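Enquirer: Take this sequence and fold it.
(4 chains, ligands or ions: 4)
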Amino acid sequence: MAKRTNQPTTGAEPAGRDLSSENPQELQQYYAQMLLLRRFEERTSEMYTKAKIGGYCHLNLGEEATIVGLMAALTPADYIFTNYREHGYIIARGVAPGPVMAELFGKETGVSRGRGGSMHLFDATAHFMGGYAIVGGQLPLATGAAYALKYQGKPGVVVCQMGDATTNIGAWHESLNLAALWDLPVIFLVVNNGYGMGTTVDEGAAEPDLYKRGCAFRMHGERVDGTDVLAMRDATRRLRERAEQEKKPAILEAVSFRFRGHSVIDSDRYRDPEAVKQGRNANDPLPHFAHQLVLAGVVDDAWLKATASRIDQEVQEAIDFAEHSPNPKIEDLFDYMYATPVPNTPGRAEAAIIAQNAQGGR
Amino acid sequence: MAKRTNQPTTGAEPAGRDLSSENPQELQQYYAQMLLLRRFEERTSEMYTKAKIGGYCHLNLGEEATIVGLMAALTPADYIFTNYREHGYIIARGVAPGPVMAELFGKETGVSRGRGGSMHLFDATAHFMGGYAIVGGQLPLATGAAYALKYQGKPGVVVCQMGDATTNIGAWHESLNLAALWDLPVIFLVVNNGYGMGTTVDEGAAEPDLYKRGCAFRMHGERVDGTDVLAMRDATRRLRERAEQEKKPAILEAVSFRFRGHSVIDSDRYRDPEAVKQGRNANDPLPHFAHQLVLAGVVDDAWLKATASRIDQEVQEAIDFAEHSPNPKIEDLFDYMYATPVPNTPGRAEAAIIAQNAQGGR
Amino acid sequence: MAIMTYRQALNDTLGEELARDSNVVLMGEEIGKFQGSYRITEGLQSEFGKHRVVDTPIAEEGFVGLAVGAAMLGMRPIVEIMTINFILVAIDQIVNHASKIHYMFGGQVRVPLVIRTPSGGVGQLAATHSQSFENWFAYCPGLKVVAPATPYDVKGLMRSAVRDDDPVIFIESLALYDTKGEVPRDEDYTLPIGVAEVKRAGTDVTVVSYSRMTVVALQVAQNLAQEGISVEVVDLRSLRPLDRTTIIESVKKTNRAVVLEEDWYSYGIGAEIAATIQEGAFDYLDAPVLRVAGVEVPLPYAAKLSQASKPGAPDLIRAIKRVLEGGKQWPK
Amino acid sequence: MAIMTYRQALNDTLGEELARDSNVVLMGEEIGKFQGSYRITEGLQSEFGKHRVVDTPIAEEGFVGLAVGAAMLGMRPIVEIMTINFILVAIDQIVNHASKIHYMFGGQVRVPLVIRTPSGGVGQLAATHSQSFENWFAYCPGLKVVAPATPYDVKGLMRSAVRDDDPVIFIESLALYDTKGEVPRDEDYTLPIGVAEVKRAGTDVTVVSYSRMTVVALQVAQNLAQEGISVEVVDLRSLRPLDRTTIIESVKKTNRAVVLEEDWYSYGIGAEIAATIQEGAFDYLDAPVLRVAGVEVPLPYAAKLSQASKPGAPDLIRAIKRVLEGGKQWPK
Ligand SMILES: Cc1ncc(C[n+]2csc(CCOP(=O)(O)OP(=O)(O)O)c2C)c(N)n1
Ligand SMILES: Cc1ncc(C[n+]2csc(CCOP(=O)(O)OP(=O)(O)O)c2C)c(N)n1
Ligand SMILES: [Mg+2]
Ligand SMILES: [Mg+2]
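Expert: Ligands and ions are numbered 1, 2, ... in the order given. Take a look at the predicted model:
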């Protein structure tokens, strides 16, 4: 909580940490998951360069601890809504990397059947309710999901992830006001990576301590070091409990450092390369956590090595799965158009004609 | 500032007040203006009932002190943007009641040439920049006017009036954030009359102390008794000075009591008639102020009587002016369509055909 | 059969659907304690309680999106937007979210949501309070858009809309709320979304319209019958999906068509209807399809200007006579 | 003459207008330090400073409305909306405010504002990032809407837009930014808003289009010339006001027409064009006006589905051949 927005910590070696109250298997799993996200995103970037992936593509590099800590605190009953920077979230929620990569490849086996792409991942079973690509768009939706949980008397809470710059849009105000007014079980997770695209937090928000912005709704807010997986997990647990039991929404601001440009095609030329390098080193959640685990005797070098190669393998398999999966068929173009069929809508016959024309060189 | 939202003051006779530092002529004028607004709105209501006025029509009854106090503190350089409940504002700003009533009558001599009606009054010379009928719509506009003043290095500030329920819409958040971020000379005046239409402040706002909602932008806010013309004037002066000199925006919440329904066609059946009667008595700015003026020896009964009859006369003349003014001509239908003429737009020839058809029974 | 107003048909059906399914809730500004600005929801909050008939703050984007999110978890919200003019602040949630969620996520989730709102003008509500935007929604795949003209259609289409698993934009009309019509007592009928109706058969000319303009068209048809002109009235009822077949079949029979619409002329609903007819019934047309629509101005307040800017029966009659003469002038 | 890209033409003209008039400012997300997400404003902040090229928070409703208010006090803001998909959160300020302020207040105040934004799809941007909404704005009296296809037209229309005292929606196209064309050196020409251009003369069929689709149409016209088919290409350039005369005169000559548009088929721009043609050139038409448009789905991400959903040259060629055969089938 001492950490300030836009002030990356310096690269000092982290001190040892008392992990005796923790379950070692869980700690190992956190690390493994963080590494999985890291490698997944690195390979995603590579696949984008190889033109296996199209559209816009935003990576979670640097945010691994935020994501894994968050998910460690959630239960299967909970629901998650995110923005377009969500590959890590759906994987950490338990969806296999294969179908996620397949979605990025635009394949029929993808989590959104190839219809959504990188910015629009979804998995109903995992209660992963979608990546949304209009800034702020997911906020009212998540608030509504929390409304439904409360109305239907179901357990669980909703997590609504967003970026720092999203706190400047009107949907923020309306959603938080409704959530506070109606006592809805929702946590608004603000992933503060310091930037909109090239705009810093201070350049966009008149109150740059984002967790304080709940004051306009008498809503509680906290800031947490988003590069610290345990701090993140514990903060989420606390706010989750409060949301579920007392139906009190809250803001959780997780501060981290954006490793690269805004998206894979952003060359990041508005940041000083030296500062970025330093920020990356100082705020990389992986080596810090590994170091702590080693110091605490939870893992050793051999384990780290084995885990790395297992995960490399896992990501490679995801890529292979994506690569070998079938494309959606043009004949299926109008499937999922309407959930309740009605007359005078195009269907498979029309799609077949489009498919035929497309083969004819469309 | 002791006054709480939704807690109308009790009807106790106000104590005498030291007015020795005030200019008696000014005090008299405040009273006369307040009475003018009162009578104007009462007669407007009557004219609506007689079907001289159409559309929606919202009255300022009970808000006279807020309006007159506000205008007393402004200079000719300042600009004012309001919502649709704005008859009093344009009059107190110095526009003659005749053209205002003519606008309500839909006449060519109206302040908006009969095109706007009750919700859309405008007077460029008075810097009265419009009544706006979409809740929250005027907020970005007013912020932009403040932006222009600052950009062009001009003196003056902008006042953006709105109702209490307007603080729940997204445009509030975006506008206040921009104003605070860019240090714009604008005062956001929240007229808290206790209600949206039938919705109380607490039922709409998770932070019902509305002046505090600026915390999300580090913006200063104050609450003032909106039935006290001098308190209102002084608060406006302070915030105006700050806005002009330091380019610091602020929120001013003026609390008053809504005398009637939301608009003239609202029968107000969701409020207890007895409570409304009491609230009206307790919060009527006119008798309270008259009483203070009499106690302080600024006016006497004869003056009050003479003023009342002068103002009745003035409002009657406004009605007569409206009544005898010409209607806009259908032949002018496309005037003011575009400020810069371009080809392929309808003009007077097309309007003439429409006029002809209209005579033929359209 | 019972005679009831359009308003009563709405109120009844909303009450029935609230009673039928506990996942149905009504949401909107002033729909409860205030009883609805146009009294469509009168009495429903007292009957069903504050958690079924929910008064919202003025935050259309927020509560429309909230309803979408709630629908994704199995609720069936019916949202009132006080008038269609105010839907602009919520349109992102409808068009960028509600309309896409089922398709874009590969069919994994449904959005059973109704947004009901009155469109068009009445009285002298002026530029910001008299608009029609149903064409915008009709343009968007993923939405369904209906616009009933009669109490009977209101009931049938509202039931279908509430029970449909896709987002439905339910267009009403301020000027129709007090109109009356016959409705069967105690019958749970529904009307299919996406199907137009020939509301009056005729042989000389087809008038295509929807919502309040259908009522005007039927009146004109009745009047012209006395002059020996036989007008067929096609009531679209749904704007999306659009029932092109019914329109085209009618024009193939009458060989002439006029569209009557309350929205602005250019790029309005009538543009699609005229384009559809010329494409589908090209060889059958004896005259161009004419459009009778709103004059293209921000609607002025003054009574006469306002009146002159809105389409009405005399304009329709003039257009019908023009097409009967094979009139081909442009501009009108 | 110089050869330059559409992007460069935009960048140049914005720079010239900034230099010409100190009341001109650029506003938008990431247009300064970031140099613009599509590099349209590259270098302009360094050249003109932060108070002329203003980076805004993500608050489209707020800064669009702010620009409207600033325009009312005599500034001439040019606002970038990163892509047209994000304009939905700001549309209330444009349609309920900017478009009405001059008329509704009886001509007392002007709104000299340009909103520039790319429309349409490119790559695999999927459902939320590939839409076209220019038809919505074209529907609204009080707005002017232009959509240039070439660097030459960009310059001429941008100059007119910036110097015009009304709100102008300036529609660009992601897929055109890298295309090149000839532009006169050092000449301060303008092009009139509201006037279409016959970009290629022909005798067999008229293709009506705008923005990127005009480029496709011109290519197709060139190719079909080799098959002996003479295509006339009418580039609308302005969608509001719509230059009906130029369209109709062309069709009166060719007797056949196809509309090529990137937006969705139903209720798109093509509907108005087809309706206009059948009304204005009824006796001249030898075949129905066909529309080649986007398939009506929330654009899927997968490359092949996405491709198959967008209109292209082969579709236009098929349609042209159909109208040449007098093809009258529906549906296509
Ligand atoms: C309404 C809207 N405006 C603009 C954009 C373009 N855009 C996409 S991401 C982004 C920056 C968002 O920053 P932040 O909220 O901090 O999230 P981050 O990408 O840093 O995780 C912008 C401006 C958009 N998608 N939607
Ligand atoms: C965006 C929008 N939503 C709804 C309305 C309908 N409406 C008009 S006034 C009003 C209540 C506003 O209350 P408040 O802001 O307190 O102002 P007051 O009328 O009390 O002065 C509502 C809901 C509107 N005009 N615009
Ligand atoms: Mg960020
Ligand atoms: Mg109020």
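Enquirer: How many residues are close by A:Asn23?
Expert: Look at A:Asn23: counted by other CB atoms under 10 Å in any protein chain shown, it has 10 neighbours. The C-beta positions use only the backbone N, C-alpha and C, and glycine is treated the same way.
Enquirer: Next one: it relative to D:Lys144, how far apart?
Expert: Distance of A:Asn23 to D:Lys144, computed by CB to CB, to the nearest Å: 66 Å.
Enquirer: C:Pro148 is in contact with C:Leu236, isn't it?
Expert: No. If you go by CB atoms under 8 Å, C:Pro148 and C:Leu236 don't touch, sitting 10.0 Å apart.
Enquirer: Any stretches of the chain with poor pLDDT?
Expert: Picking chain A for this. The model of chain A has pLDDT under 70 over residues A:1-15, A:360-362.
Enquirer: Sorry, I should have been clearer: chain C.
Expert: In chain C, residues with pLDDT under 70: C:327-332.
Enquirer: And the strands in it, which stretches?
Expert: Shown for chain C, the strands assigned by DSSP state E span residues C:2-5, C:24-28, C:53-55, C:76-80, C:114-119, C:144-146, C:168-173, C:180-183, C:197-200, C:205-209, C:231-235, C:238-240, C:257-264, C:290-294.
Enquirer: Now mean neighbour count and distance to chain D too, for these, in a markdown table please.
Expert: Below are the strands of chain C laid out as a markdown table (neighbours: other CB atoms under 10 Å in any protein chain shown; distance: least, CB to the nearest CB, whole Å):
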| stretch | mean neighbour count | distance to chain D |
| --- | --- | --- |
| strand C:2-5 | 15 | 30 |
| strand C:24-28 | 24 | 18 |
| strand C:53-55 | 23 | 22 |
| strand C:76-80 | 26 | 17 |
| strand C:114-119 | 26 | 14 |
| strand C:144-146 | 28 | 10 |
| strand C:168-173 | 27 | 13 |
| strand C:180-183 | 17 | 28 |
| strand C:197-200 | 18 | 19 |
| strand C:205-209 | 30 | 12 |
| strand C:231-235 | 26 | 16 |
| strand C:238-240 | 28 | 7 |
| strand C:257-264 | 28 | 6 |
| strand C:290-294 | 25 | 7 |
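Enquirer: Let me know which of those strands is the nearest to D:Val216.
Expert: strand C:238-240 (27.1 Å; CB to CB).
Enquirer: and that closest one, which strands flank it?
Expert: Sheet pairing for strand C:238-240, assigned by DSSP bridges, gives strand C:144-146 (antiparallel).
Enquirer: Can you get me a residue count around the residue in chain C positioned nearest to ligand 1?
Expert: Relative to ligand 1, the nearest point of chain C is C:Asp92 (7.4 Å; CB to the nearest ligand atom). Neighbours of C:Asp92 under the rule other CB under 10 Å: 29.
Enquirer: With only the CA atoms kept, save stretch C:245-255 in CSV.
Expert: Provided in CSV are the C-alpha atoms of stretch C:245-255 (Å, rounded to 0.1, in the frame of the first residue of the first chain):
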residue,chain,number,x,y,z
THR,C,245,-41.8,-11.2,-48.4
THR,C,246,-45.1,-9.8,-47.1
ILE,C,247,-44.2,-6.3,-48.3
ILE,C,248,-43.2,-7.5,-51.7
GLU,C,249,-46.1,-9.8,-52.2
SER,C,250,-48.4,-6.9,-51.4
VAL,C,251,-46.8,-4.6,-53.9
LYS,C,252,-46.8,-7.4,-56.6
LYS,C,253,-50.5,-7.3,-56.2
THR,C,254,-51.2,-3.5,-56.0
ASN,C,255,-48.2,-2.4,-58.2
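Enquirer: which residues sit in contact with the residue of chain C closest to ligand 1?
Expert: Contacts for C:Asp92 (CB atoms under 8 Å, 6 or more residues apart in numbering or on different chains) come out as A:134, A:137, C:61, D:88-89.
Enquirer: Just send those back as CSV, with distance to ligand 4 too.
Expert: Below are the contacts of C:Asp92 laid out as CSV (distance: CB to the ion, whole Å):
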residue, distance to ligand 4
A:Ile134, 31
A:Gly137, 29
C:Glu61, 20
D:Leu88, 28
D:Val89, 25
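Enquirer: For ligand 1, tell me whether stretch A:41-56 is touching it.
Expert: No. Applying CB under 6 Å from any ligand atom, one finds stretch A:41-56 separated from ligand 1 by no less than 7.9 Å.
Enquirer: Let's see that stretch as PDB, backbone CA atoms only.
Expert: Once non-C-alpha atoms are left out, stretch A:41-56 reads as follows in PDB (Å, rounded to 0.1, in the frame of the first residue of the first chain):
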ATOM      1  CA  GLU A  41       2.100 -14.200 -23.600                       C
ATOM      2  CA  GLU A  42       5.600 -14.400 -24.900                       C
ATOM      3  CA  ARG A  43       4.700 -17.100 -27.300                       C
ATOM      4  CA  THR A  44       1.500 -15.200 -28.200                       C
ATOM      5  CA  SER A  45       3.600 -12.200 -29.100                       C
ATOM      6  CA  GLU A  46       5.700 -14.500 -31.300                       C
ATOM      7  CA  MET A  47       2.700 -16.000 -32.900                       C
ATOM      8  CA  TYR A  48       1.400 -12.500 -33.700                       C
ATOM      9  CA  THR A  49       4.600 -11.700 -35.400                       C
ATOM     10  CA  LYS A  50       4.200 -14.800 -37.500                       C
ATOM     11  CA  ALA A  51       0.700 -13.600 -38.500                       C
ATOM     12  CA  LYS A  52      -1.000 -16.600 -36.800                       C
ATOM     13  CA  ILE A  53      -2.900 -14.100 -34.800                       C
ATOM     14  CA  GLY A  54      -4.700 -11.000 -36.100                       C
ATOM     15  CA  GLY A  55      -6.600  -8.000 -34.900                       C
ATOM     16  CA  TYR A  56      -5.500  -6.200 -31.700                       C
END
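Enquirer: Tell me who's in contact with whatever residue of the stretch 201-332 of chain C ends up closest to ligand 3.
Expert: Ligand 3 sits closest to C:Arg240 of the stretch 201-332 of chain C, with a gap of 36.9 Å, by CB to the ion. Taking CB under 8 Å, 6+ apart, we find C:Arg240 in contact with C:137-140, C:143-145, C:194, D:266.
Enquirer: where do the helices sit along the chain?
Expert: All of this is about chain A. Using DSSP state H, the helices of chain A run over A:24-49, A:64-73, A:87-92, A:97-104, A:138-151, A:170-181, A:201-204, A:229-246, A:273-283, A:285-295, A:301-324, A:348-359.
Enquirer: oops, I was thinking of chain C
Expert: Counting by DSSP H, one finds helices in chain C at the ranges C:6-20, C:44-48, C:60-72, C:91, C:101-104, C:134-138, C:151-163, C:212-226, C:244-254, C:269-280, C:303-309, C:313-324.
Enquirer: looking at these, which is buried most?
Expert: For these, average neighbour numbers computed from mean count of other CB atoms under 10 Å in any protein chain shown are highest in helix C:60-72, which has a mean of 30.
Enquirer: and that one, is it in reach of ligand 1?
Expert: No. Counting by CB under 6 Å from any ligand atom, ligand 1 has no neighbours in helix C:60-72; the shortest distance is 11.4 Å.
Enquirer: OK, contacts around residue 170?
Expert: If you meant another chain, say so; for now it's chain A. Contacts of A:Gly170 were listed using CB under 8 Å, 6+ apart, and they are A:136, B:169-174, C:61, D:59, D:61-62, D:89.
Enquirer: my bad, the chain I had in mind was chain C
Expert: By CB under 8 Å, 6+ apart, C:Phe170 lies in contact with C:114-117, C:146-147, C:157-158, C:161.
Enquirer: All set, thanks.
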